[in-house]
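# Sequence isn't available, so here's the structure alone:
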């Protein structure tokens with residue numbers, strides 16, 4: 001298996017290999033300002049809920065971790081990277097809200113994000129002493145949520161080992177992000193996170209000593225089927241078709257997150273590097289499994305057919321009719337469907353196998369596959385708002401500039417709790433082919449609940465007609481550090497700096 005070289009961002013590499021993502025430093029300053037401003041807004045909403053179960057909390061804390069990475073990345077580019085002339089960015093309603101590039105005040109966004117991340121993550125991991133949310137199961141060797149002690153079906157069956165890699169993958173991601181930024185988190189809370197890592201990515205079947213306690217046992221790669229080459233999400237509940245798995249992308253996210261945590265936690269020593277590479281192997285096999293058994297391309301245009309004569313190409317396990325679905329919904333040991341546990345809509349099938357969107361998504365989904373997949377998705381009709389962020393992110397792989405325009409209508413409160421408008425914009429802007437001077441639209445922080453900001457055309461700037469309205473055309477506005485439109489602003493307001 002080819003082991004990934006992608007790090008926390010898909011523009012980074014651990015092996016000196018060029019990765020798919022574009023560098024944030026190449027983006028127009030207006031784009032960076034917009035995304036950073038959107039992060040600042042997103043930090044006020046959809047914060048993690050401690051009592052929402054392992055899965056609900058996991059998605060929320062991973063969202064917060066992504067906001068921290070995005071802010072950190074952009075602030076770093078503003079200070080150390082290439083500073084481009086700001087253009088094509090609208091101003092806020094009040095010039096006091098305008099983000100001023102490369103000023104010390106902008107650094108507070110990432111600091112605030114990391115502070116929130118640490119607050120919620122440590123509270124969830126440790127509890128308050130009398131109300132712990134997780135327990136070690138001495139009988140079966142695993143970490144289970146307390147809700148299952150009363151109801152085995154709660155938290156998606158976590159107490160019976162359903163979906164642990166989905167649940168804990170999100171938490172591992174957040175812990176890795178925080179641990180990289182704040183090493184004291186690793187030293188203080190590393191053993192708590194290690195428990196979750198061992199639950200889903202343990203590289204041994206032997207009894208270990210963890211946190212000073214003896215006789216601690218976790219099974220070898222709990223969810224992974226080495227024979228099948230991918231994971232099964234099912235726990236101890238019996239099903240007629242055996243074990244099964246729905247979200248291949250969340251399984252991939254688990255091993256990507258385990259790899260990131262292992263890098264932060266153990267990399268640098270011979271034994272530690274073995275753990276890192278083992279996590280990379282779990283990740284590589286899961287990606288190969290997803291592309292083999294979930295991502296389908298009709299045989300007539302599939303380059304991975306047996307007739308190609310190459311032993312390195314992926315096989316085509318399904319018949320021509322079933323391949324027209326392009327994506328498997330649920331893969332069982334003895335059957336396969338193009339539906340999900342929660343519905344039969346095409347968009348459900350495709351996007352539950354697309355989320356979450358992280359750096360590893362660029363390796364899991366390639367352009368050739370997405371081009372065909374989009375032909376299925378464009379015929380789905382209306383899409384629930386919760387899924388629109390993922391749908392646009394999927395499109396960005398093949399047409400980032402069109403996706404950028406569509407993303408302006410997103411409202412963070414209306415999309416999935418594991419995502420944010422900031423994350424969607426950041427993902428789009430770092431896709432190959434994105435025009436770094438694409439029109440930027442500043443978020444309206446006072447109207448987060450509006451259904452569709454694009455219905456009001458004042459939110460978009462036609463760069464061909466800005467003329468002397470540009471802040472750069474007025475000396476006092478330039479001296480004030482303003483960018484975009486000032487005289488007037490996009491809502492018709494003449495600022496005091498106008499000549």
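That came through, no problem. None of the values given here were measured: they were computed from a predicted structure. Residues are numbered from 1 along each chain as shown.
# going forward, measure contacts and count neighbours with C-alpha atoms only.
Will do.
# any chance you could map the strands in the chain?
Taking DSSP state E, the strands of the chain run over residues 134-137, 142-145, 208-210, 213-216, 224-225, 230-231, 244-245, 330-332, 336-337.
# Mind checking these for the one nearest to residue 319?
Closest to residue 319 of the strands of the chain, according to C-alpha to C-alpha: strand 336-337, at 11.8 Å.
# Any regions of the stretch 201-350 of the chain where pLDDT drops low?
205-215, 298-315 (pLDDT under 70).
# sorry, back to before: right, so the strands of the chain: which one is the most enclosed?
Ranked by mean neighbour count, the strands of the chain are led by strand 230-231 with a mean of 26 (mean count of other C-alpha atoms under 10 Å).
# Quick one: distance of that one to the chain centre.
Its chain's C-alpha centre and that of strand 230-231 lie 20 Å apart, by C-alpha atoms, centre = their mean, to the nearest Å.
# Quickly run through the sheet partners of it, with directions.
Strand 230-231 has the following sheet partners, assigned by DSSP bridges: strand 224-225 (antiparallel).
# Name the residues that touch the strand it pairs with?
230, 231, 232, 282 (C-alpha atoms under 8 Å, 6 or more residues apart in numbering).
# Same check on stretch 378-394?
Here stretch 378-394 makes contact (C-alpha under 8 Å, 6+ apart) with 346-347, 351, 354-355, 357, 370, 403, 406-407, 410, 414-416, 419-421, 424, 427-428.
# wait, doesn't residue 38 sit right on residue 422?
Yes - using C-alpha atoms under 8 Å, residue 38 makes contact with residue 422 at a distance of 5.5 Å.
# quick one, which of the two is more surrounded?
Comparing residue 38 with residue 422 by other C-alpha atoms under 10 Å, the one with more neighbours is residue 422, at 29 against 24.
# ok, now which ones touch that one?
Counting by C-alpha under 8 Å, 6+ apart, residue 422 has contacts 35, 36, 38, 39, 42, 67, 70.
# among those, which two are most distant?
With C-alpha to C-alpha as the measure, no two of these lie farther apart than 42 and 70, at 11.6 Å.
# circling back: relative to residue 398, which of the contacts of strand 224-225 is nearest.
Nearest member of the contacts of strand 224-225 to residue 398, counting by C-alpha to C-alpha, is residue 230, at 26.6 Å.
# who does the longest helix seen in the chain touch, helix- and strand-wise?
Using DSSP state H, we find that the single longest helix of the chain is helix 53-80. If contacts are counted by 3 or more C-alpha pairs under 8 Å, 6 or more residues apart in numbering; DSSP states H and E, helix 53-80 sits against helix 29-42, helix 108-126, helix 164-181, helix 421-429.
# Which among those helices is found nearest to residue 6?
Comparing the helices and strands packed on helix 53-80 by C-alpha to C-alpha, helix 164-181 comes nearest, at 13.9 Å.
# what residues does the closest one touch?
Taking C-alpha under 8 Å, 6+ apart as the rule, helix 164-181 contacts 8, 54-55, 58-59, 61-62, 64-66, 69, 114, 117-118, 121, 158, 185-186, 193, 196-197, 199-200, 223, 233, 250-251, 253-258, 260-261, 264-265.
# can you give me the helices for the stretch 251-400 of the chain?
270-293, 320-323, 346-351, 361-364, 367-377, 385-396, 400-407 (DSSP state H, counting those that start in this stretch).
# can I assume residue 202 is in contact with residue 217?
No - applying C-alpha under 8 Å, one finds residue 202 not in contact with residue 217, separated by 9.8 Å.
# Buried residues, stretch 43-59. List them.
43, 46, 47, 48, 50, 53, 54, 55, 56, 57, 58, 59 (16 or more other C-alpha atoms under 10 Å).
# With respect to residue 337, which of these is nearest?
Nearest to residue 337 among these is residue 55, at 23.8 Å by C-alpha to C-alpha.
# still on that earlier bit, for residue 340, state which of the contacts of strand 224-225 is nearest.
Once C-alpha to C-alpha is applied, the member of the contacts of strand 224-225 that ends up nearest residue 340 is residue 232, at 14.6 Å.
# give me phi/psi at that closest one?
Dihedral angles of residue 232 (phi, psi; degrees, to the nearest 10) stand at phi -120, psi 140.
# check contacts around it.
By C-alpha under 8 Å, 6+ apart, the contact set of residue 232 is 223, 224, 225, 243, 244, 245.
# contacting residues for the fifth one?
Neighbouring residues of residue 244 by C-alpha under 8 Å, 6+ apart: 232, 233, 234, 330, 331, 332, 333.
# hmm, 6 Å instead?
232, 234, 331, 332 (C-alpha atoms under 6 Å, 6 or more residues apart in numbering).
# which residue sits closest to it, ignoring its sequence neighbours?
Closest residue in space to residue 244, ignoring its immediate chain neighbours: residue 332 at 4.0 Å, by C-alpha to C-alpha, 6 or more residues apart in numbering.
# How much space separates the one you found from residue 222?
Remark: distance between residue 332 and residue 222 (C-alpha to C-alpha, to the nearest Å) = 17 Å.
# Kindly report the same for residue 132.
23 Å.
# what about the nearest residue to residue 126 once chain neighbours are set aside, how many residues close to it?
The shortest distance from residue 126 to any non-neighbouring residue, by C-alpha to C-alpha, 6+ apart, is to residue 132 (6.6 Å). By other C-alpha under 10 Å, 14 other residues sit near residue 132.
# if we can go back for a sec, need the helices of the stretch 251-400 of the chain in CSV with mean neighbour count and distance to residue 163, can you?
CSV is the format used below for the helices of the stretch 251-400 of the chain (neighbours: other C-alpha atoms under 10 Å; distance: least, C-alpha to C-alpha, whole Å):
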stretch, mean neighbour count, distance to residue 163
helix 270-293, 21, 15
helix 320-323, 14, 26
helix 346-351, 23, 17
helix 361-364, 18, 20
helix 367-377, 16, 26
helix 385-396, 23, 21
helix 400-407, 21, 31
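# just so I know, which of those helices lies nearest residue 26?
helix 400-407 (15.3 Å).
# still on that earlier bit, with distance to residue 28 as extra columns, can I get the helices of the stretch 251-400 of the chain in JSON lines?
Putting the helices of the stretch 251-400 of the chain into JSON lines (distance: least, C-alpha to C-alpha, whole Å) gives the following:
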{"stretch": "helix 270-293", "distance to residue 28": "33"}
{"stretch": "helix 320-323", "distance to residue 28": "41"}
{"stretch": "helix 346-351", "distance to residue 28": "30"}
{"stretch": "helix 361-364", "distance to residue 28": "22"}
{"stretch": "helix 367-377", "distance to residue 28": "24"}
{"stretch": "helix 385-396", "distance to residue 28": "18"}
{"stretch": "helix 400-407", "distance to residue 28": "14"}
